[in-house]
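Novice: Model the structure of this input:
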Amino acid sequence: MGQDISNLYQLDGRVPVGKAVPFGLQHVLAMFVSNITPIMILAGAIGIDSVTSSMLIQNCMIIAGIGTLVQLYPIWRIGSRLPIVMGISFTFLSLAISIAATQGMGTLMGAVIIGGLVEGTLGLFARYWIKLIPPVVAATVVTAIGFSLLPIGANSFAGGQGAADFGSINNWIVGSITLLTCLLCQVFAKGFLRSLSVLVGLVAGYILALCMGMVDFSGIGSRPILSLPHLLPFTPTFNIGAILSIVAVYLVSATETIGDTSALCNSALKRDPNEREMGAAVSCDGFVSSVSGLFGCTPITSFSQNVGLVAMSGIINRFTIATGALIMILGGIFPMIGYALTTIPQCVLGGCTLMMFGSILYAGFGMMGRCGSSHRNMVIVSLSLSVGLGFTQATEMFNIFPEIVRTVFANNCVAVVFLLAVILNLVLPKDKAEA
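Specialist: Sure thing, here's the model as predicted:
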């Protein structure tokens, strides 16, 4: 038994299914709502009917599971062989709504498919451009990702942005109890129970929410028992303007994947990612996103909240996380499983994720510390973060720019931070010790 537990902290350790499933489920619960939310928002914004919406939610769960499995168990040079969890990206949402509303879902899917092929190909040739992202740039991007996630955790804690009961006393109570349970389990529990602190907190919060009447099961009876995924629900069409716009956002998605890969390796594996891992992670991001387009879904990317979970729990075993990917696929094939997971209140998820998001920030700070405190690094980090985090809080500043620039940068601090950090790293003279 002791060997089984220690294997949870090894990439390729052998772990019995019974012990792997709770940890895999923990990853699913950490990202489930975030995975299906972009599709739900897109469907609502452009008026997709409820039957098609349900089918797309089912498809995006399956795609997230497939993408995670490819990251864990690579196909050729596609997949990093790291414990990265994939899911539908929020980064593309505003542009996806714009394209789908004006040109149709077929045009959006055509752009998603072609853009994914572009990003995937870039990942295959990472050795030619990966030097543009030295450790100080990666550390800055990881820190920006951590900061960008904090409002998401806070909004979930309060009940979810736009919820009728946002900030209510019930949400405060349930979110606080969930967070406190996670904290107590993290501080006082021993062994594998400590690594399950997020799941323990989530179960405690869910039971409390159930007792307070905050869980709704009214729709579960209308779900079919078995439903297979639907290929090509929309016929792809190809528009050069839509493709170029989507490709620009794919570059931002690649940036986030690079940052997540760096954060995961530094926090959980205690090392920097190598060139092959970086490129393979980006390739998976792109090529599986093309597959996502074939199933009528928007692109996928690595999920930062799961990077935070790996950092906090220390569980890096690939088989263990693969069980979570299989749960996602089963949730798509058996819709009642997926629906049951959607009943988790946002305040419970918020209570669980706050510590996880903070752990990404901690990883970014640690990476910065290893880069050294030279004057050059100080300028790159401080200016990139201040501009990226500051300017994207005042989005009207971007109104003078073309729509594609506003789409890519106005609401995405990670993209601004990455671009500025890369430029500063290229133009600033190296310190004498580095030259």
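Novice: Is it correct that Ala209 is in contact with Val215?
Specialist: Yes: when contacts are counted by CB atoms under 8 Å, Ala209 is listed as touching Val215 (5.5 Å). Glycine gets a C-beta too; all of them are placed from N, C-alpha and C.
Novice: neighbour count winner among the two?
Specialist: The neighbour count for Ala209 versus Val215, taken as other CB atoms under 10 Å, is higher for Ala209 (24 against 14).
Novice: Distance-wise, check the more buried one relative to Arg127.
Specialist: 49 Å (CB to CB, to the nearest Å).
Novice: quick one: low-confidence parts of the chain?
Specialist: 1-4, 33, 41, 94, 191-192, 219-223, 338, 431-435 (pLDDT under 70).
Novice: which one's the longest helix in it?
Specialist: helix 17-46 (DSSP state H).
Novice: buried set for that one?
Specialist: Neighbour-count burial for helix 17-46, with 16 or more other CB atoms under 10 Å as criterion, is recorded at 19-40, 42-43, 46.
Novice: And for stretch 45-55?
Specialist: By neighbour count with 16+ other CB under 10 Å, stretch 45-55 contains the buried residues 46, 48, 54-55.
Novice: contacting residues around Ser195?
Specialist: Neighbouring residues of Ser195 by CB atoms under 8 Å, 6 or more residues apart in numbering: 8, 23, 313-315.
Novice: any idea how far it lies from Thr342?
Specialist: 25 Å.
Novice: now Ala363
Specialist: Applying CB to CB to Ala363 and Thr342 gives a distance of 30 Å.
Novice: go on, Gly324?
Specialist: 16 Å.
Novice: higher neighbour count, these two?
Specialist: With neighbours defined as other CB under 10 Å, Gly324 and Thr342 compare such that Gly324 has more, 29 against 16.
Novice: do you know how far that one is from Leu251?
Specialist: According to CB to CB, Gly324 stands 28 Å off from Leu251.
Novice: for Ala43, same thing?
Specialist: 26 Å.
Novice: sec struct for Thr301, please.
Specialist: strand (DSSP: H, G, I helix; E, B strand; the rest coil).
Novice: Pairing partners for it in the sheet, please.
Specialist: Going by DSSP bridges, Thr301 is paired in beta bridges with Gly87.
Novice: quick one, what contacts it?
Specialist: 86-87, 89, 91, 253, 256-257, 285, 289 are the contacts of Thr301 under CB under 8 Å, 6+ apart.
Novice: Adding secondary structure and neighbour count, write the residues you listed out as TSV.
Specialist: Shown next, in TSV, are those (DSSP: H, G, I helix; E, B strand; the rest coil; neighbours: other CB atoms under 10 Å):
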residue	secondary structure	neighbour count
Met86	strand	32
Gly87	strand	27
Ser89	coil	26
Thr91	coil	23
Ser253	helix	27
Glu256	helix	26
Thr257	helix	28
Asp285	helix	35
Ser289	helix	30
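Novice: Out of the buried residues of stretch 45-55, name the ones that lie in helices.
Specialist: 46, 54-55.
Novice: and which of those residues is nearest Pro151?
Specialist: Ranked by distance to Pro151 (CB to CB), these are led by Ile46 at 25.5 Å.
Novice: That closest one and Thr102 touch, don't they?
Specialist: No: here Ile46 does not reach Thr102: they are 9.6 Å apart, not a contact under CB under 8 Å.
Novice: Leu426: neighbour count?
Specialist: 9.
Novice: Once you drop chain neighbours, what's closest to it?
Specialist: Among residues not flanking Leu426 along the chain, Leu132 sits closest, at 7.5 Å (CB to CB, 6 or more residues apart in numbering).
Novice: Centroid-nearest residue for the chain?
Specialist: Taking CA atoms, centre = their mean, the centroid of the chain lies closest to Phe303, which sits 1.8 Å from it.
Novice: contacting residues for it?
Specialist: 30-31, 34-35, 85-87, 260.
Novice: got it, and Ala410?
Specialist: Ala410 makes contacts with 392, 395, 397-398, as judged by CB under 8 Å, 6+ apart.
Novice: Quick one, which of those residues are buried?
Specialist: Of the contacts of Ala410, these count as buried by 16+ other CB under 10 Å: 392, 398.
Novice: So which of the contacts of Ala410 sit within strands?
Specialist: Counted as lying in strands by DSSP state E, out of the contacts of Ala410, is not a single one.
Novice: For Phe92, grab phi and psi.
Specialist: When quoted as degrees, to the nearest 10, the phi and psi of Phe92 stand at phi -90, psi 0.
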